[in-house]
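Asker: let me see the structure of the following:
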Amino acid sequence: MFPIRITTLLTEEVYKRFSWAILMRRKSFIVYIIVILALILYPMIMSAEGKDIIFIALFTILVLLPVLFLSLRFRIKRSYRKNPLWQNMETTLIFDRETFVAQSKRGEFHYTYDDIVKVIMTKQDFYILIGESTGFAIEKENCTPEALEFLLELHIEHM
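Answerer: Residues are numbered from 1 along each chain as shown. Predicted coordinates:
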């Protein structure tokens, strides 16, 4: 079974999915959204009368949340485009029993499985995080059945 080799290409689409997956799983992100909405809504609600509260709630849902979503989407796209080292970077991950190696045009980096902070699984990808927001995006379609099985076990270990 070992070594398992997986080659992945960091396209803009993969980077977007990676960023959203990390962002949505952070507790601080949800707290941030609630605090921002509370700071915006509190003065409005305190100065509003009965019928105006419904308008304020609808305004928030229909205007502020989409604006927040679009601004986050813009920032993710901008961060990918501003860093030429990430653009279409091909990385080969080689998994052994005790360690794994990431090879790319930037060099070769050795990690142990203890270095993994978390493994996130989505419908299309696996994300191996070696930091709070640093890691490797692996598209499932690029994996062999034994690689998928290994990544699933790794995900269960590092949920």
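Asker: now stretch 9-22: buried residues?
Answerer: For stretch 9-22, burial by neighbour count (16 or more other Cβ atoms under 10 Å) applies to 10-11, 14-15, 17-19, 21-22. Using the backbone N, CA and C atoms, a C-beta is placed for each residue, glycine as well.
Asker: quick one: least confident helix or strand in the protein?
Answerer: helix 50-59 (a mean of 70; mean pLDDT, DSSP states H and E).
Asker: helix or strand right after that helix?
Answerer: helix 65-82 (DSSP states H and E).
Asker: helix or strand next in line after that following helix, which one?
Answerer: The helix or strand immediately downstream of helix 65-82 is strand 89-95, counting by DSSP H and E.
Asker: what lies in contact with that next one?
Answerer: 2-10, 100-106, 128, 136, 138, 150 (Cβ atoms under 8 Å, 6 or more residues apart in numbering).
Asker: and for stretch 1-13?
Answerer: Contact partners of stretch 1-13, identified using Cβ under 8 Å, 6+ apart, comprise 14, 77, 80-81, 86-97, 136-139, 142-144, 146-147, 150.
Asker: just the buried ones from the residues you listed?
Answerer: The neighbour-count test (16+ other Cβ under 10 Å) applied to those identifies 14, 80, 89, 91, 93-95, 136-139, 143, 147, 150 as buried.
Asker: burial measure for the closest residue to L64 other than its chain neighbours, as a count.
Answerer: Distances taken as Cβ to Cβ, 6 or more residues apart in numbering put I40 closest to L64, at 6.7 Å, once the chain neighbours are dropped. Neighbour count for I40, taken as other Cβ atoms under 10 Å: 14.
Asker: quick one: the helix or strand hosting I40 to helix 65-82, angle?
Answerer: Assessed by DSSP H and E, I40 sits inside helix 27-47. Per axes from the mean of the first three to the mean of the last three Cα atoms, to 10 degrees, the angle that helix 27-47 makes with helix 65-82 is 140 degrees.
Asker: distance from helix 27-47 to the middle of the chain?
Answerer: 24 Å (Cα atoms, centre = their mean, to the nearest Å).
Asker: can you spell out which helices and strands pack onto it?
Answerer: helix 50-59 (3 or more Cβ pairs under 8 Å, 6 or more residues apart in numbering; DSSP states H and E).
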